[in-house]
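1. Predicted coordinates and the sequence they were generated for:
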Amino acid sequence: MSDTPLDPKIAIVKARVDALARSYQMGAPILETIWPSFYQNKKTGKIYRPHHDLEAEAVANDEPRYLLLKGGEGSGKSCAGIVKDLNKLRRGCDGIMVSPDLPHFKKSLWPEFQQWCPPKAIVAEERYKLEPTWEPSQGFALHFHTELGGIATLYCGGIDDPTGWHGPNVNFAHMDEAHRHPTADGLKTIDGRLRIPGPSNVPPQVTLTSTPKKNWLYEYFGEVDTKKFRPKDPLIPFKLRAKLVTLLTKDNEVNTFAGYADDRRLTLTEKEARVLLDAEWEDMSDSTPFLPGILIWDKCLDFALPNPTVYDPMIVALDAGVTNDSFGLIAVSPHPLLPGCLAVQAVHAWVPDQVSEKYLDAQGALDFRIIRDEIRTLIEDWNIIKVVYDRHELHLMAQDLSDIALIEPFSQQTSRLIADKHLRDLILQHRVLHRGEEQLRQHLENADAKIDDKGLRIVKREANKKIDLAVCLSMASYSIMEFVPKVEGYVATGMKPGQGTVIQQLYGLIN
Ligand SMILES: Nc1ncnc2c1ncn2[C@@H]1O[C@H](COP(=O)(O)OP(=O)(O)OP(=O)(O)O)[C@@H](O)[C@H]1O
Ligand SMILES: [Mg+2]
């Protein structure tokens with residue numbers, strides 16, 4: 001329970017619900033009204049009672065605009081969201097209630113809604129939808145009698161295609177299991193539909209109910225409760241209007257069964273239990289960050305790196321996302337001054353929502369022909385010894401460039417594994433010098449290392465995070481090494497490949 005004193009209005013509502021619940025449990029008859037004083041689950045017979053004051057406040061309040069009810073499995077997050085929806089509908093507000101897709105809606109949010117929704121609140125001709133045997137085959141609307149004598153509409157369904165939700169103007173929205181969305185697109189679309197105040201000026205509000213996940217959900221809500229915002233975080237205006245409330249699986253055992261959380265823990269790893277039961281923000285993947293910290297990359301910033309000249313032999317690496325959603329290019333050369341080191345000489349990333357229109361085709365995807373022409377100019381103007389690329393994605397482009405440069409596919413199997421490990425060693429040894437290019441730094445920060453019996457591979461930490469430039473750097477760095485003069489110094493100071501820990505100690509990154 002929180003120590004913060006309750007808002008007096010909420011304290012009164014809470015006391016009233018408790019008193020009614022008590023008298024009902026002692027056998028008092030329930031008054032037949034359209035909207036009951038408290039909500040009762042038809043299946044379990046339980047009466048909705050918030051698990052703590054913060055939940056009570058969040059369910060009762062119409063502000064702030066963005067609310068995340070983050071909870072463990074079976075912690076009661078959907079239930080809290082549903083009760084909040086019902087409270088808005090009875091006051092005459094129109095809303096949207098969605099799951100990430102229709103199958104998920106049918107199996108999770110809708111059956112729970114059926115249990116809590118008072119049948120008489122729905123217009124007579126639609127009440128059959130609350131029968132346990134009824135399930136939707138597509139998105140649908142439900143109409144409610146309001147306490148003011150009007151009708152309120154709830155649009156229900158799955159939001160796998162957010163564009164399908166352009167249309168209704170509503171006052172509130174509830175997105176269940178928001179963590180399943182790969183990006184914030186669903187939130188953005190839904191937020192755009194919240195255009196009208198409810199009766200008595202009820203402000204628009206979006207409620208997300210979800211288990212935590214360190215994807216976009218974390219970017220939007222991760223620091224909301226601590227209010228420790230990163231300077232320059234573009235989401236600060238959002239975060240200032242957002243609230244986060246956490247529900248624990250253990251706290252809802254009164255409505256599931258005693259010992260549920262401990263039983264469930266038996267089949268989970270520690271990490272899984274922290275996320276799925278204790279609702280903590282944590283990365284669930286097995287992979288670890290590619291670099292022990294981005295600081296190690298920042299330490300490779302070379303303020304004195306001379307501008308590239310036509311005398312610097314360079315290797316260019318190209319990598320593209322599977323659906324033409326990004327394209328990366330890196331050129332590296334041996335470092336002009338430091339033997340044994342290499343220099344990042346060119347970095348370029350083309351991403352559809354960041355490039356000018358000339359790079360896009362009619363569908364809004366990257367037009368590789370325009371990019372190819374720019375690469376052609378680069379090859380003609382500089383001393384490019386070789387271009388390496390991912391055969392699967394860029395075969396056609398490579399053919400087009402083969403008249404002006406040596407073009408070689410870079411095996412994404414064995415060679416990539418060796419190259420990725422090699423790149424990590426080089427960076428840990430402080431041997432990849434660069435000029436601080438922001439996009440490359442970001443892609444390295446987005447990169448995880450997946451380590452298994454085959455080796456180490458650079459992978460994306462999240463589906464929507466770009467790592468093309470990290471992959472390019474890996475392919476280019478490996479390919480240039482035969483041109484990098486070897487030096488004795490690294491051996492003498494103990495900086496042999498694979499001994500990155502020496503460097504980490506030097507920089508105080510580890511003890
Ligand atoms: N505050 C509450 N009062 C009474 N019953 C509750 C309450 N919260 C949840 N329940 C009941 O507990 C069970 C689990 O709740 P719910 O489905 O909302 O949890 P959840 O966190 O959404 O679970 P999941 O992880 O499966 O989506 C349901 O039977 C629900 O009716
Ligand atoms: Mg749920």
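-> Done, it's in. Ligands and ions are numbered 1, 2, ... in the order given.
2. Tell me the residues of the protein that contact ligand 1?
-> Proximity of the chain to ligand 1 (Cβ under 6 Å from any ligand atom) is limited to residues 41, 44, 46, 48-51, 71, 73-79, 108, 112, 115, 252, 255-256. The way it works is simple: take the backbone N, C-alpha and C, and place the C-beta from them, glycine included.
3. Distance-wise, check residue 37 relative to residue 127.
-> Remark: distance between residue 37 and residue 127 (Cβ to Cβ, to the nearest Å) = 21 Å.
4. Quick check: phi and psi on whichever residue of the stretch 251-400 of the chain sits closest to ligand 1?
-> In the stretch 251-400 of the chain, the residue that lies nearest ligand 1 is residue 255 (3.6 Å; Cβ to the nearest ligand atom). Per-residue torsions, residue 255: phi -110, psi -10 (degrees, to the nearest 10).
5. wait, is residue 189 part of a strand?
-> No. Judged by DSSP: H, G, I helix; E, B strand; the rest coil, residue 189 forms no part of a strand; its state is helix.
6. which residue packs closest to it, ignoring adjacent ones?
-> Once flanking residues are discounted, residue 189 sits nearest to residue 162: 3.7 Å by Cβ to Cβ, 6 or more residues apart in numbering.
7. do you know how far residue 36 is from residue 126?
-> Distance, residue 36 to residue 126, using Cβ to Cβ: 19 Å.
8. Have a look at these two and say which one is more surrounded.
-> residue 36 (18 against 13; other Cβ atoms under 10 Å).
9. Tell me the buried residues in the host helix or strand of residue 440?
-> When elements are assigned from DSSP states H and E, residue 440 belongs to helix 438-446. Using 16 or more other Cβ atoms under 10 Å as the test for burial, helix 438-446 gives 439-446.
10. next one: stretch 356-375
-> Using 16+ other Cβ under 10 Å as the test for burial, stretch 356-375 gives 359-360, 366-368, 371-372, 375.
11. Looking at those, which two lie furthest apart in space?
-> Pairwise distances across those peak at 17.2 Å for 360 and 375 (criterion: Cβ to Cβ).
12. and the angle for the helix or strand where residue 332 lies with helix 438-446?
-> Here residue 332 sits within strand 327-334, counting by DSSP H and E. Counting by axes from the mean of the first three to the mean of the last three Cα atoms, to 10 degrees, strand 327-334 points 100 degrees away from the direction of helix 438-446.
13. which strands and helices sit next to strand 327-334?
-> Helices and strands touching strand 327-334, as assessed by 3 or more Cβ pairs under 8 Å, 6 or more residues apart in numbering; DSSP states H and E, comprise strand 314-320, strand 342-350, helix 368-381, helix 468-480.
14. wait, which of the buried residues of helix 438-446 is closest to ligand 1?
-> Ranked by distance to ligand 1 (Cβ to the nearest ligand atom), these are led by residue 446 at 28.4 Å.
15. just to revisit the earlier point, now do the residue of the stretch 251-400 of the chain closest to ligand 1, the pLDDT please.
-> Looking at residue 255, its pLDDT stands at 96.
16. That one and residue 78 touch, don't they?
-> No. With contacts counted by Cβ atoms under 8 Å, residue 255 stays clear of residue 78, the gap being 12.0 Å.
17. circling back: indicate which one of the helices and strands packed on strand 327-334 is closest to residue 423.
-> helix 468-480 (4.3 Å).
18. just to revisit the earlier point, pipe the helices and strands packed on strand 327-334 into CSV and attach mean pLDDT per row.
-> Shown next, in CSV, are those (pLDDT from 0 to 100):
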stretch, mean pLDDT
strand 314-320, 92
strand 342-350, 94
helix 368-381, 88
helix 468-480, 96
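19. got these as JSON lines, with distance to residue 214 columns?
-> Listed next are these as JSON lines, based on distance: least, Cβ to Cβ, whole Å:
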{"stretch": "strand 314-320", "distance to residue 214": "24"}
{"stretch": "strand 342-350", "distance to residue 214": "23"}
{"stretch": "helix 368-381", "distance to residue 214": "32"}
{"stretch": "helix 468-480", "distance to residue 214": "19"}
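20. Look up the closest residue to the residue of the chain found nearest ligand 1, ignoring the ones flanking it.
-> Here the chain gets closest to ligand 1 at one residue, residue 76, 2.6 Å apart by Cβ to the nearest ligand atom. With sequence-adjacent residues excluded and distances taken as Cβ to Cβ, 6+ apart, residue 76 is closest to residue 252, at 4.4 Å.
21. that older thread, tell me the pLDDT of the residue of the chain closest to ligand 1.
-> Residue 76 is given a pLDDT of 98.
22. Assess the claim that it and residue 49 are in contact.
-> No. Shown here, residue 76 and residue 49 do not form a contact pair, counting by Cβ under 8 Å, at 9.6 Å.
23. Of those two, give the one with the bigger neighbour count.
-> residue 76 (27 against 16).
24. Can you give me the buried ones in the strand holding residue 332?
-> 327-334.
25. Report the buried residues of the one helix or strand residue 89 maps to.
-> Remark: residue 89 resides in helix 77-90, with elements defined by DSSP H and E. Within helix 77-90, the residues scored as buried using 16+ other Cβ under 10 Å are 77-90.
26. residues in contact with residue 132?
-> 111, 114 (Cβ atoms under 8 Å, 6 or more residues apart in numbering).
27. And the pLDDT at it?
-> Looking at residue 132, its pLDDT is 91.
28. Could you do residue 491 as well?
-> Residue 491 is assigned 38 on the pLDDT scale.
29. What of residue 384?
-> 91.
30. Test my guess that it contacts residue 378.
-> Yes. The pair residue 384 / residue 378 is scored as a contact, 7.1 Å apart, by Cβ under 8 Å.
31. Low-confidence ranges, the stretch 351-500 of the chain, go.
-> Counting by pLDDT under 70, the stretch 351-500 of the chain shows low-confidence ranges at 393, 463, 487-500.
32. any idea how far the residue of the stretch 251-400 of the chain closest to ligand 1 is from residue 112?
-> Taking Cβ to Cβ, one finds residue 255 at 12 Å from residue 112.
33. Next: residue 294.
-> For residue 294, the distance to residue 112 - Cβ to Cβ - is 42 Å.
34. ok, then the element right after the lengthiest helix in the chain?
-> Looking across the chain with DSSP state H, the single longest helix is helix 8-25. Once the chain leaves helix 8-25, the next helix or strand it forms, by DSSP H and E, is helix 53-60.
35. What is that following helix packed up against?
-> Using 3+ Cβ pairs under 8 Å, 6+ apart, the elements in contact with helix 53-60 are helix 8-25, strand 66-71, helix 77-90, strand 242-247.
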